[in-house]
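Undergrad: sequence plus predicted model, see below.
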Protein chains: 2
Amino acid sequence: MIRILLADDEHLIRGAMAALLSLEDDLEVVAQAATGAEALATARVVRPDVAVIDLQMPDLDGVSVAQALSSELPSCSTMIVTSHGRPGHLKRALAAGVRGFLPKTVSSDVLATVVRTVAAGGRYVDPALAAEAISAGDNPLTPREADVLELALEGAPIDEIARRASLSPGTVRNYLSSAVGKTGASNRHEAARFAKARGWI
Amino acid sequence: MIRILLADDEHLIRGAMAALLSLEDDLEVVAQAATGAEALATARVVRPDVAVIDLQMPDLDGVSVAQALSSELPSCSTMIVTSHGRPGHLKRALAAGVRGFLPKTVSSDVLATVVRTVAAGGRYVDPALAAEAISAGDNPLTPREADVLELALEGAPIDEIARRASLSPGTVRNYLSSAVGKTGASNRHEAARFAKARGWI
DNA sequence: TACCGCCCGTGACATCTGTCATGGCTTTCT
DNA sequence: AGAAAGCCATGACAGATGTCACGGGCGGTA
């Protein structure tokens, strides 16, 4: 019997997925969590065989949870399920030790199959997502550029970005200009959206 | 027996919700659809008692589907389920004849209860969402301002917005300036994000 | 050691944006 | 008919932004 931890902030989805997984004879949902922190805490106690984690959750990112889990509980295989599969996320997730990565558009038997696969020590990545990630290429932004661009995402003026990043406004403008050049955008807002779409920030 | 049509672009979620609703003795999922258009076409054939529709779908908006359904199939009650509940959406949905509006964070028994409620001719709106909608107030933007702001959402420069809206750049700047004033933002990008968060665009 | 890339900053310049005043046009309500 | 509101446009001005050139410091690598 494969023991599963399920984490998703959407109660309805979580309950529904649990109902669906429980239909399988060899699968058992032993715990559920609504936030990343909760998932982590629960996993430490119940020590599941597989953790099925939603990528976007209120507090902790799904990837962060996976990172912590893979170091603390090596016996537990983590897989990520997500609505919006961005190439960068996949790359980060794989680096964090995630064994399975699926969009929520897959059918339920695929989910069950993948749970079994990762429980057995295998890996599985959605083919469409994998293709996208490969074609998207690497993140050309330097860490600082990514930081600043992330702050620019909300549309804040440069002075505020500078304050929040503890940088001089001139430096911020240089990083932003560089990022705009690398993304081929025509201003920082477009660049920020572009980078986010690729999962670079 | 209440006959249900389920529409959601995420296969996994849809299947899971179907599994969950089928657990109830008096509920029966008679059809599923992955897109808005598909939902509409299917509904015309199977004539369900209740249509449970996801708000965001690839082609047709959930509200548009509800609109069409309420005029074509008055016997079918429509309810919307959504991940991101924005006040403006709720208002539009209600105007389109939707009888139930729920975030996906609710529990499964709430869902089942609401299905029964709307099937019986009642209405139900998630209290938290309702409170948000009331406190958010009305959309202060004029139709044109909303149009232009929507084009500004992607971060395009003003000249491009003007071209896409078939307006002079000066006019675009005026509308944008007005919208920035109404939203209390410090530039159009922030204003656009703000307006989107409220469901104004 | 020398080179390279990243980090952080300054200054200057041209352009883009946000704001305001103004005016003509149409539609709707009183 | 008159008032009010929205739509579209122009012009002018200040301030924000994007771009470029330049320089110093730091850390890794050949």
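TA: The structure has been received and is ready for your questions. Residues are numbered from 1 along each chain as shown, chains lettered A, B, ... in the order given.
Undergrad: what sits against residue A:48?
TA: Residues near residue A:48 by Cβ atoms under 8 Å, 6 or more residues apart in numbering or on different chains: A:3-5, A:30-31, A:76. Where you see a C-beta, it was placed from the backbone N, CA and C, and this is true even at glycine.
Undergrad: out of the residues you listed, who's nearest residue B:22?
TA: Within the contacts of residue A:48, the smallest distance to residue B:22 is 21.0 Å, found for residue A:4 (Cβ to Cβ).
Undergrad: I'd like the average pLDDT over whichever strand or helix holds that closest one.
TA: Taking DSSP states H and E as the definition, one finds residue A:4 inside strand A:2-7. The average pLDDT within strand A:2-7 is 96.
Undergrad: with stretch A:37-44 instead?
TA: Computed over stretch A:37-44, the mean pLDDT rounds to 95.
Undergrad: just how off-centre is it within its chain?
TA: How far stretch A:37-44 lies from its chain's middle: 17 Å, per Cα atoms, centre = their mean, to the nearest Å.
Undergrad: list the buried residues of it.
TA: Neighbour-count burial for stretch A:37-44, counted by 16 or more other Cβ atoms under 10 Å in any protein chain shown, picks out A:37-40, A:42-43.
Undergrad: got a pLDDT number for residue A:110?
TA: Residue A:110 is given a pLDDT of 93.
Undergrad: wait, does the host helix or strand of residue A:177 contact chain B?
TA: Assessed by DSSP H and E, residue A:177 sits inside helix A:169-183. No: judged by Cβ under 8 Å from any Cβ of the partner chain, helix A:169-183 stays clear of chain B, getting no closer than 10.5 Å.
Undergrad: touching DNA strand C at all, that helix?
TA: Yes: judged by Cβ under 7 Å from any atom of the strand, helix A:169-183 comes into contact with DNA strand C through A:170-171, A:173-174.
Undergrad: excluding covalently adjacent residues, which one is nearest to the residue nearest to the spatial centre of chain A?
TA: Nearest to the mean C-alpha position of chain A, by Cα atoms, centre = their mean, lies residue A:55 at 4.1 Å. Nearest in space to residue A:55, with sequence neighbours left out and distances taken as Cβ to Cβ, 6 or more residues apart in numbering or on different chains, is residue A:82 at 3.6 Å.
Undergrad: equivalent analysis for residue A:117, please.
TA: residue A:124 (5.1 Å).
Undergrad: ok, the one you found to DNA strand D distance?
TA: 33 Å (Cβ to the nearest atom of the strand, to the nearest Å).
Undergrad: pretty sure that residue contacts residue A:106?
TA: No: assessed by Cβ atoms under 8 Å, residue A:124 is found out of contact with residue A:106, at 10.3 Å.
Undergrad: returning to what we had before: gap between the residue nearest to residue A:55 and chain B?
TA: The gap separating residue A:82 from chain B is 10 Å, by Cβ to the nearest Cβ, to the nearest Å.
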